[in-house]
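Next comes the sequence, and after it the predicted model I'd like to discuss.
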Amino acid sequence: MTGAHGPGTSAATPDPARRGTSRRRFLGGAAIGAAGLAAGAAAGVGLASAEAAPPVTAGQLAAQREAQTVPFYGTRQAGITTPQQERLMFAALDVTSTDVQDVQRLLGRWAALAARFTAGRPVSDSPGNPDAPPFDTGEAMDSGPYSLTITVGFGASLFDDRFGLADRRPAALAPLGTIPGDAVMKPAITGGDLCIQACADDPQVVFHAIRNMVRAARGTAVLRWSQLGFGRASATGAGQTTPRNLFGFRDGTNNIHADDTGGLDQHVWVSGSDQRWMDDGSYLVARKIRMEIESWDTDDLADQQRIFGRRKDTGAPLTGGTEFTPIDFHRTGADGVPVIDPHSHVRLASPEANGGVRLLRRGYNYTDGQDPDTGKLAAGLFFLSYQRDPHAQFKVLQTRLGKSDLMNEYIAHIGGGVWACPPGVRQAGDWFGRSLFD
Ligand SMILES: C=CC1=C(C)c2cc3[nH]c(cc4nc(cc5[nH]c(cc1n2)c(C)c5CCC(=O)O)C(CCC(=O)O)=C4C)c(C)c3C=C
Ligand SMILES: [Fe+2]
């Protein structure tokens with residue numbers, strides 16, 4: 001079903017395998033300089049008494065961070081178990097063409113662009129024709145990749161009767177139905193035929209990636225809604241310190257970490273499902289969750305901690321220990337009352353209360369500035385979660401949380417969606433979700 005020239009072969013998206021101009025040519029040098037210093041320091045151990053290794057400067061560390069790349073090609077998409085970067089831009093798009101070959105070509109163009117952007121390269125190595133708009137929009141021209149990852153997903157609506165894909169829709173992508181707490185989901189920021197999650201350690205790099213991928217969709221798909229995120233609100237890397245959400249609590253302590261391959265295989269990566277094209281993929285459930293931070297800030301510390309079941313300063317469970325001490329859900333106080341409130345967030349979301357259910361959280365804090373109607377800060381958590389089956393995982397947890405989580409007084413789910421993220425793009429010329437169309 002591939003188009004005559006196959007996806008990804010248009011003039012505006014040259015072969016990503018071609019070596020060309022780096023978005024920032026001198027960065028390689030800067031990174032090698034810093035790495036060289038580190039290697040020199042290691043090699044020079046024997047000489048240490050004679051000559052101390054020069055310290056690595058803040059500038060060199062910043063250059064290293066800027067030059068950092070995450071491999072794009074692979075069996076599984078990056079951006080799912082990749083240690084979480086600092087910045088997010090998320091986009092949901094609707095397909096406007098009714099020709100399935102347009103969709104395939106778009107997925108090929110996106111794969112070629114994603115390969116380039118994640119390597120720190122612009123849309124094209126050519127400056128283009130002075131009488132035509134430039135190939136690349138330019139705002140990341142002086143920037144390295146900053147660990148950019150680009151992850152693409154397919155919404156349930158892509159499997160309607162437009163593209164002949166109805167019988168390829170996995171059971172796991174069937175609509176979740178109404179879940180307690182969903183009453184205020186706004187259609188304008190919910191759903192979408194396609195989604196792109198761009199994560200990097202720089203805000204302009206994620207913006208550039210989404211902007212140019214939306215631009216490359218012109219004539220085939222349009223932007224439906226988007227979201228910027230900052231200050232990763234989950235830890236996914238084993239060595240990452242646990243970040244804080246906008247309620248000020250450590251978030252991600254009990255997440256599935258990148259080195260827990262058994263946990264990831266059990267809870268995150270699809271294998272042997274009813275639609276084999278999804279093997280090595282994962283399902284993304286996103287929720288834009290508004291947080292009433294002004295009222296939260298009037299609540300006393302003891303109550304805030306009761307709501308989560310954890311201490312605000314250290315993240316340790318209220319039953320004692322340090323951040324990573326297992327929670328003792330059976331402990332009662334001298335008064336016979338459970339130390340971890342029966343309606344606390346950690347109890348209701350725990351595997352113990354949900355038949356072992358877990359998911360991988362990858363959320364970001366967000367703010368849309370001030371709410372013009374109320375004057376309050378429009379801020380919250382852009383909850384991103386990956387799993388094998390949203391029905392058996394997200395829905396089970398959110399059904400319990402939506403009914404009686406103490407936190408519900410301070411939050412509202414206002415948008416989001418579910419997308420099937422196919423396996424990885426294997427090599428140049430391959431495209432996102434090729435196995436879906438085979
Ligand atoms: C349906 C799933 C979940 C939603 C929605 C959700 C929203 C949400 N969570 C926080 C803050 C914290 N969550 C924490 C733990 C936690 N949350 C979920 C699931 C959802 N959270 C799970 C599965 C867990 C882990 C439970 C466990 O195994 O112990 C924590 C505690 C620290 C941690 O382990 O990460 C915090 C804090 C907010 C603010 C929020 C919506 C705005
Ligand atoms: Fe949570």
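That came through fine. Ligands and ions are numbered 1, 2, ... in the order given.

give me the number of residues near G369?
When neighbours are defined as other Cβ atoms under 10 Å, G369 has 8 of them. Every residue, glycine included, has its C-beta placed from N, CA and C.

Make sure it is actually in contact with A378.
Yes. Checked against Cβ atoms under 8 Å, the pair G369 and A378 is within contact range at 6.2 Å.

How is the single nearest residue of the stretch 1-150 of the chain relative to ligand 1 assigned, secondary-structure-wise?
Evaluated by Cβ to the nearest ligand atom, the stretch 1-150 of the chain has Q84 as its residue closest to ligand 1, separated by 12.6 Å. Q84 falls in the coil class when you classify it by DSSP: H, G, I helix; E, B strand; the rest coil.

And for the one 5 residues further on?
Secondary structure of M89, reduced to three states by three-state DSSP: strand.

just V285 next, same as before
V285 ends up strand, using three-state DSSP.

ok, it touching L397?
No. In this structure, V285 is not within contact of L397 by Cβ under 8 Å, at 9.8 Å.

Can you find the helix or strand in this protein with the smallest mean pLDDT?
The weakest-scoring helix or strand in the chain, judged by mean pLDDT, DSSP states H and E, is helix 25-43 (a mean of 36).

following that one, which helix or strand shows up next?
Next along the chain after helix 25-43, taking DSSP states H and E as the criterion, comes helix 58-67.

Please name every helix or strand in contact with that following helix.
Helix 58-67 makes packing contacts with helix 25-43 when contacts are defined by 3 or more Cβ pairs under 8 Å, 6 or more residues apart in numbering; DSSP states H and E.

just to revisit the earlier point, overlap in contacts of V285 and L397?
L359 (Cβ atoms under 8 Å, 6 or more residues apart in numbering).

Can you name the residues of the chain sitting close to ligand 1?
Taking Cβ under 6 Å from any ligand atom as the measure of proximity, the chain contacts ligand 1 at 245, 247, 249-255, 287, 289, 291, 308, 310, 345-346, 349-351, 380-381, 383, 394, 397-398, 401, 411.

Which ones among those residues lie within helices?
Among those, the members found in helices (DSSP state H) are F308, H345, V346, A349, F394, L397, Q398, L401.

contacting residues around the first one?
Spelled out, that is F308. Contacts of F308 (Cβ under 8 Å, 6+ apart): F247, F249, S344, H345, V346, M407.

how about the residues you listed in a markdown table, adding distance to L360?
Shown next, in a markdown table, are the contacts of F308 (distance: Cβ to Cβ, whole Å):
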| residue | distance to L360 |
| --- | --- |
| F247 | 21 |
| F249 | 19 |
| S344 | 22 |
| H345 | 17 |
| V346 | 17 |
| M407 | 20 |
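
These into a markdown table, with extra columns for distance to Q64 and pLDDT?
Converted to a markdown table, those look like this (distance: Cβ to Cβ, whole Å; pLDDT from 0 to 100):
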| residue | distance to Q64 | pLDDT |
| --- | --- | --- |
| F247 | 33 | 98 |
| F249 | 31 | 97 |
| S344 | 41 | 98 |
| H345 | 37 | 98 |
| V346 | 36 | 98 |
| M407 | 39 | 98 |
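
so how far is P203 from the residue of the stretch 1-150 of the chain closest to ligand 1?
Going from Q84 to P203 by Cβ to Cβ, to the nearest Å gives 15 Å.

Would you mind telling me which of the two has the busier surroundings?
With neighbours defined as other Cβ under 10 Å, Q84 and P203 compare such that Q84 has more, 27 against 16.

ranges for the helices of this protein?
Under DSSP H, the chain gives helices at 25-43, 58-67, 100-118, 203-216, 261-267, 293-296, 301-308, 345-349, 394-404, 434-437.

Need the winner for burial among those.
Each of the helices of the chain was scored by mean neighbour count; the highest is helix 100-118, a mean of 24, by mean count of other Cβ atoms under 10 Å.

elements contacting that one?
Using 3+ Cβ pairs under 8 Å, 6+ apart: helix 100-118 touches strand 149-155, helix 203-216, helix 434-437.

got TSV for those, with mean pLDDT too?
As requested, the helices and strands packed on helix 100-118 are exported to TSV (pLDDT from 0 to 100):
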stretch	mean pLDDT
strand 149-155	98
helix 203-216	98
helix 434-437	95
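
Would you reformat the ones you listed as CSV and include distance to A53?
Output for the helices and strands packed on helix 100-118, formatted as CSV (distance: least, Cβ to Cβ, whole Å):
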stretch, distance to A53
strand 149-155, 33
helix 203-216, 31
helix 434-437, 48
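
residues in contact with the spatially closest residue to D280 that is not a sequence neighbour?
In space, and not counting its chain neighbours, D280 is closest to P423: 3.7 Å by Cβ to Cβ, 6 or more residues apart in numbering. Counting by Cβ under 8 Å, 6+ apart, P423 touches T75, R76, Q77, W277, M278, D279, D280, G281, S435.
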